[in-house]
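Novice: 3D, please:
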Amino acid sequence: MDINLCVDQLGLNANYYTLNQSNVPHEIVRWDGPATQPTQAELETAWAEIQADEDYQAHLADPTKSYPVAA
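Specialist: Numbering: from 1, shown residues only. As a prediction, the model looks like this:
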């Protein structure tokens, strides 16, 4: 699970957070911001939504295609 993508999917990217490492698997070790840190269940739900996204599947098939795709 890519936590950076999950945070973006949840609309929480205005918060500041630190991960224990850049590459997956990783975990949040510090969270600062107006919103509450997402729970593991919320992150897992967001990850399931990302994996089901056609744009994400296209990115996996061809990494030169960015994700998320700009409208």
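
Novice: and Y17, how far from D55?
Specialist: 24 Å (Cβ to Cβ, to the nearest Å). Quick note: C-beta positions are derived from backbone N, CA and C, even for glycine.

Novice: okay, these two: which has more neighbours?
Specialist: Using other Cβ atoms under 10 Å as the criterion, Y17 and D55 rank with Y17 on top: 17 against 13.

Novice: thought the more buried one was touching A35?
Specialist: No. Y17 is beyond contact range of A35, at 10.2 Å (criterion: Cβ atoms under 8 Å).

Novice: which strands and helices lie in contact with the longest helix anywhere in the chain?
Specialist: As assigned by DSSP state H, the longest helix anywhere in the chain is helix 40-52. Using 3 or more Cβ pairs under 8 Å, 6 or more residues apart in numbering; DSSP states H and E, the elements in contact with helix 40-52 are helix 3-9.

Novice: can you mark which positions in the helix it packs on are buried?
Specialist: For helix 3-9, a neighbour-count test (16 or more other Cβ atoms under 10 Å) marks 3, 5-7, 9 as buried.

Novice: could those residues go into TSV alongside distance to T39 and pLDDT?
Specialist: Formatted as TSV, the buried residues of helix 3-9 follow (distance: Cβ to Cβ, whole Å; pLDDT from 0 to 100):
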residue	distance to T39	pLDDT
I3	12	96
L5	17	94
C6	11	96
V7	12	96
Q9	14	94
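
Novice: how about low-confidence regions in the protein?
Specialist: Scanning the chain for pLDDT under 70 picks out 69-71.

Novice: try it again with 50
Specialist: Within the chain, the segments meeting pLDDT under 50 span 71.

Novice: picking up where we left off before, looking at the buried residues of helix 3-9, which is nearest A41?
Specialist: Within the buried residues of helix 3-9, proximity to A41 (Cβ to Cβ) peaks at C6, which comes in at 11.3 Å.
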